[in-house]
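Asks: I'll drop the sequence and a predicted model, then ask my questions.
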Amino acid sequence: PQVIQLGDVDLNRPHNCKCHNTHFFGTDRQTVRRGQAFDLYVHFQNREWDDSVDKISFTVETGLRPCESKEMKCTFPLGRCIDQTCWSACYKPHQHRCINISMFPPIDACIGRHILNMSITSCDRTFQQCLGDFDILFNPWCADDPVYMDNQAHREEYVLNEHGMLYEGVHKHVTSRPWHFGQFENGILDICLKVLDIGSNYHQGSERGCRWRNDPVHVSMVVNHMVNNNDYLKGTNPLTWNGSVPILQQWYNGRCRPVRFGDCLTLASVMCTVMRCLGIPSRVITNFCSPHCAENPLAVNELFDSTGKTLCGKDKLWAYHCWNESWMARRDLDLCSSNWQCLDPTPMESGRACCGPTSIRSVKDGELDLDYDGQHIFSRLNASCIGWLSKNSDKKEKLCYDAWLCGQCVSTKSVGNNHHEDITGAYKYELGSLKGKEAFYKAYRRIHSGYCNAPNCHIDRDLAALQSPFLSDAGVSMRFKMVNCPMYGQDVHLHWLLENLRNECKNLNFNLCTQVLTHNGCALDQFWKENINVALGPREAKTIPLHISYNQYGHHLGDHNIMRLVAISDPECGGEVLVVKRDIVINRPTVLLGLPQLNEPCTAEISFCNPLQEDLKNCVLNLEGCGLFKEPMTIE
């Protein structure tokens, strides 16, 4: 027979992308998911295909210097059936002088850009054809992939959804803001693959080539390292970002220089975009009351002066802290079932990043020997908070001890709607439960190595010492209760509730003050102070109204929206010193969006709650910067 002549090759991009759930990237290039075959059609000009005299082999390459020894290059023949353990291809007749070829990327294929070459041997003559490049992503639809997620609604939320809600504020008043992840926006896939290219120098150097890209654990570590390479010196205020796309574009167009700058919420959201783009199910988590940089990982110290002013010490108690969760099986730990893994891209102030991945299941059970940085995640959820009164530069007095403050209302966006879901139970057992205590003992021994073989009673003894023997019951109950939901531009009203729990009278003198509080635990200057004398009869309860006007707090808030109110009994009046505090969220203009569903056009419903003129202007600019609107917005 005559030498067969190759005609057109149809890569069948639209059909393949639809079957692989990658059509959201567009169909101008081939993007497929591993562990799932894709089709192409090969046409011939002069005769039908005859496998007795005609042979085809394919070569797939990835990386800068592909070689078979580093598993960056693979050559395989066209056969009669698919071999799902390796790269393979099979064919069947399709039309006149045309065959349909199914190509299978194995479940351990590396993520990233690949080049496909075809070699045809016919009648002892060989010629080659480059079929171009294509991208391979992780496959949460394939049961053999470590990132497999068996719930379609969860896949749509954690892989395909480009729009989300982020949560901030304080645990007693959780607020939300929309975020555009934009993982399918034009050019974002190229940027995410560039993140892996640049990060390859961080992970294993060049010794393993690109082989680490087949493992979601190693890929997540590289992405985490790249995202936390952040410069905090000057630049864009993180509160002005509403989406990941402009941040990633600025990084890419700026020759991969760090973008200045982002907070924990911004970093976690950008990481979520990259992970979803690569095919790893991911979501952003907010933990309220989150300690950082504590000298004792399981005890964070807060310092007050005699006026109630919060002083900045070495320890920080963040109002909230955000990280990323990604879904994968930890086969590196011989755990075959998938679960959520913590990945925290926010650099710690000490310069060391708390990376992960850390299984939330191991955090809950106190199994901190298994994972990367598990003790940091555990501490942020289970540390005790100790309040101190600063008397002078050398002395301080213990005021209060709260064993359950940290790790409140751990939240993420619910599946299929914009409500927040409380997932604290995934990280911690019920407070005071037997399982919770056992997990704490186990973690305590790991964090404080001197207690490796200590019995539980020794740990309990030292925990009791933290509470201090001189902290007896003062016999007075105090708390603050909000009267209104504070809106920026309005006055703040709240009630101070006091109750005498004893049968004798009490005459107390209190200093009250209010400060602006940044979300990362830094207290700014006082802007409101008051001195109040309170007389309580035996078993008497009183409600004292407090009022802070907008004129008092307005120009102090700046870009922040949390202020702290503290009442502390005057230490010079004798007796035990009492303290109560309340962190108050001041709501900015609220923006409610009807977000589009995966590239479908829509109209947005926007409402503003008592906006001032400048805030309204900023909201409009932020909405335009979110990337959801193709035309400038005007609001009358």
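Replies: Nice, thanks for sending it over. Numbering: from 1, shown residues only.
Asks: Residue 584 contacts residue 560, doesn't it?
Replies: No. Contact criterion C-beta atoms under 8 Å: residue 584 and residue 560 do not qualify, at 11.5 Å. Glycine gets a C-beta too; all of them are placed from N, C-alpha and C.
Asks: between the two, which one's more packed in?
Replies: residue 584 (22 against 16; other C-beta atoms under 10 Å).
Asks: partners of that one in the sheet?
Replies: Here residue 584 shows beta-bridge partners residue 563, assigned using DSSP bridges.
Asks: Also residue 129?
Replies: Beta-bridge partners, per DSSP bridges, of residue 129: residue 118.
Asks: Could you list the buried residues of the helix or strand where residue 401 lies?
Replies: Here residue 401 sits within strand 396-402, counting by DSSP states H and E. In terms of neighbour count (16 or more other C-beta atoms under 10 Å), strand 396-402 has its buried residues at 396, 398-401.
Asks: and if you look at stretch 15-34?
Replies: 16-17, 19-25, 27, 29-34.
Asks: out of those residues, what pair is the most spread apart?
Replies: 27 and 34 (19.0 Å; C-beta to C-beta).
Asks: how long is stretch 96-116 end to end?
Replies: From its first residue to its last, stretch 96-116 covers 25 Å (C-alpha to C-alpha, to the nearest Å).
Asks: Can you pull the poorly scored residue ranges out of the stretch 351-500 of the chain?
Replies: Judged by pLDDT under 70, the stretch 351-500 of the chain has its weakly predicted residues at 351-354, 371, 468-473.
Asks: now the strands: where do they sit in it?
Replies: All strands of the stretch 351-500 of the chain, identified by DSSP state E, counting those that start in this stretch, fall at 358-359, 384-390, 396-402, 408-413, 420-422, 476-482, 492-500.
Asks: As a quick check, tell me the outermost residue of this protein.
Replies: residue 1 (62.0 Å; C-alpha atoms, centre = their mean).
Asks: which non-adjacent residue is nearest it?
Replies: With C-beta to C-beta, 6 or more residues apart in numbering as the criterion, residue 1 has its nearest non-adjacent residue at 5.7 Å, and that residue is residue 53.
Asks: same thing with residue 194?
Replies: Spatial nearest neighbour of residue 194, chain neighbours left out: residue 252 (6.2 Å); criterion: C-beta to C-beta, 6+ apart.
Asks: how close does the one you found get to residue 187?
Replies: Noted for residue 252: a distance of 8 Å to residue 187, by C-beta to C-beta, to the nearest Å.
Asks: Residue 322 now?
Replies: To residue 187, residue 322 is 26 Å away according to C-beta to C-beta.
Asks: repeat for residue 398
Replies: From residue 398 across to residue 187, the span is 56 Å (C-beta to C-beta).
Asks: Please enumerate the helices of the protein.
Replies: Using DSSP state H, the helices found in the chain span residues 13-19, 152-155, 188-199, 216-227, 245-253, 264-278, 360-365, 374-382, 424-427, 434-447, 456-467, 550-557, 613-625.
Asks: contacts for stretch 151-165?
Replies: With contact meaning C-beta atoms under 8 Å, 6 or more residues apart in numbering, stretch 151-165 is reached by 21, 24, 140-141, 149, 176-185, 269, 272, 276, 279-284, 327, 413, 415-416, 418, 420, 595-596, 598.
Asks: at 6 Å instead, please
Replies: Contact partners of stretch 151-165, identified using C-beta atoms under 6 Å, 6 or more residues apart in numbering, comprise 140, 149, 176, 178-182, 184, 276, 281, 283, 413, 415, 418, 595.
Asks: next one: stretch 300-310
Replies: 291, 294, 311, 313, 315, 317, 383, 385-390, 511, 513, 515, 523, 526, 566, 568, 571.
Asks: which ones are touching residue 386?
Replies: 299, 301, 401.
Asks: Find the residue closest to the last one in space, skipping its chain neighbours.
Replies: In space, and not counting its chain neighbours, residue 401 is closest to residue 467: 4.5 Å by C-beta to C-beta, 6+ apart.
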